[in-house]
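K.L.:
turn this into a model:
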Amino acid sequence: MKKTIVSFLLVVFSLIFAVSCSQSAVELTGSLSDITAKACNAADFSSVSFTYMQDEHSEEVLMYMYGIEDETALSAIEDFVVSERSGMYAATFAAIDFKDGTDSAVIDSVESLITDVYVQALITALMPYDPDQTALAQAYEFREYGNTLVLVISEDNTAVFEAITK
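P.N.:
The predicted model follows:
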């Protein structure tokens, strides 16, 4: 009886190990410009302007609009594209590439900062004027793809996430 249970457990753990090893994490391919173009094809981001890392004053956008002021976080960022809020629209797309080996705690802290500073300011700004856009902002969604953190606020977040992974 003991051998049967042990054998059964070994088979179960072997299957779990085989399945977990065969599933690879989805990663984004292409430049952030390409990924942004895919996002724009999947949803309407015409109401926003995009700032890329190489743009003048791009670090200020990260610091003041998105709340990423921590030197550890800033030095871990390899590349990024973020949308700047424009008018009374919630639509947002942001992708931040972190350097290889970046601690997950740093990525998590950046996600928290963006939520606390950018997303909450967006919700607060929209709330008195447009309940539909407010609800859209409240449905914000983050996903991690390897070393890339992506924020999407759109009419169809799922379509955007599907588009950028193709």
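
K.L.:
nearest the geometric middle of this protein, what residue?
P.N.:
Val150 (1.6 Å; C-alpha atoms, centre = their mean).

K.L.:
confirm it sits in a helix?
P.N.:
No - counting by DSSP: H, G, I helix; E, B strand; the rest coil, Val150 is not part of a helix but strand.

K.L.:
hang on, it packs against Phe142?
P.N.:
Yes - counting by C-beta atoms under 8 Å, Val150 sits close enough to Phe142 to count as a contact (6.8 Å). No exception for glycine: its C-beta is placed from N, CA and C like everyone else's.

K.L.:
run through the residues that contact the residue nearest to the centre of the chain.
P.N.:
Listed by C-beta atoms under 8 Å, 6 or more residues apart in numbering, the contact set of Val150 reads Leu28, Phe93, Ala94, Ala95, Ile96, Phe142, Arg143, Glu144, Phe161, Ile164.

K.L.:
the second one: what's it in contact with?
P.N.:
I take that to be Phe93. Going by C-beta under 8 Å, 6+ apart, Phe93 touches 36, 39-40, 43, 45, 48, 50, 81, 83, 150-154, 160.

K.L.:
most neighbours of all those, which one?
P.N.:
Most neighbours among these, by other C-beta atoms under 10 Å: Ile153, with 27 neighbours.

K.L.:
from Tyr89, how far off is that one?
P.N.:
As judged by C-beta to C-beta, to the nearest Å, Ile153 and Tyr89 stand 9 Å apart.

K.L.:
do the same with Met127
P.N.:
Met127 is 14 Å from Tyr89, where distance means C-beta to C-beta.

K.L.:
which of these two has more residues huddled nearby?
P.N.:
Tyr89 (20 against 13).

K.L.:
this completes my enquiry, with thanks.
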